[in-house]
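Trainee: any chance you could fold what I've pasted below:
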Amino acid sequence: MTRSRRKPESAGRERDRDGPRRGVVEGAAGVHRMPEPLRSLSGLPSLDYADHFTLRTDTAAAPERWARALFGDVPGPAERFIWRGLLGLRLSRGRSPETVAGWRVTARGEDWIRLEAASWFLAGALVVRAPRGQVTLGTFLHYRRRPGRAIWPPLSAVHRRLAPGVLRDAEARVRTTRTPDEPDAAMS
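Mentor: Numbering: from 1, shown residues only. Next up, the predicted model:
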């Protein structure tokens, strides 16, 4: 029997002088494993769940542009099923400068944007940070009622499996589309 050897996910990706390869997504789950600067941006009264995923990239864009590349202007069918159907999140309908994929834009800074949505049993925040050389997606939840503790854990496993691909797909969208005020998507 022959064994096939799979190349590591990061094989062939550009090596950065600082260590990690570009294109590799690193992440961690757990409220206490969350970097404090990112955790402080959650805006929630307390945290019951938190994770973050970071993609090192040479693609530069504003945080809102990254958020729209990650989630779109309006939620797609899969997002609607999960966010509205399973989690009961109240999302805005239609395109708006005040929302990203139905999540309200509730705060922003020079290199970050926070999106929030809530249901009767949980409140959620998505934080997208885009400092030079990387983009980070942070997911934060506060369980308002017992169903949140039962529903989110199995969904969180799927979320953590999908998040790295969502970041890579967003990077490809940012690279291939330009906004009128951004002359070049790649950093010089």
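
Trainee: any regions of the protein where pLDDT drops low?
Mentor: 1-22, 178-188 (pLDDT under 70).

Trainee: any idea which helix is longest in it?
Mentor: The longest helix of the chain (DSSP state H) is helix 146-176.

Trainee: all strands of the protein, in order?
Mentor: Along the chain, the stretches classed as strands by DSSP state E are 15-16, 19-21, 25-29, 49-56, 99-100, 103-109, 112-118, 122-129, 134-143.

Trainee: the ones you listed into CSV, with extra columns for mean neighbour count?
Mentor: Backbone N, C-alpha and C define where each C-beta goes, glycine included. What follows is those, written out as CSV (neighbours: other CB atoms under 10 Å):
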stretch, mean neighbour count
strand 15-16, 12
strand 19-21, 12
strand 25-29, 17
strand 49-56, 21
strand 99-100, 22
strand 103-109, 16
strand 112-118, 22
strand 122-129, 23
strand 134-143, 22
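
Trainee: and these as JSON lines, adding distance to residue 84?
Mentor: What follows is the strands of the chain, written out as JSON lines (distance: least, CB to CB, whole Å):
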{"stretch": "strand 15-16", "distance to residue 84": "39"}
{"stretch": "strand 19-21", "distance to residue 84": "36"}
{"stretch": "strand 25-29", "distance to residue 84": "24"}
{"stretch": "strand 49-56", "distance to residue 84": "19"}
{"stretch": "strand 99-100", "distance to residue 84": "14"}
{"stretch": "strand 103-109", "distance to residue 84": "12"}
{"stretch": "strand 112-118", "distance to residue 84": "9"}
{"stretch": "strand 122-129", "distance to residue 84": "12"}
{"stretch": "strand 134-143", "distance to residue 84": "16"}
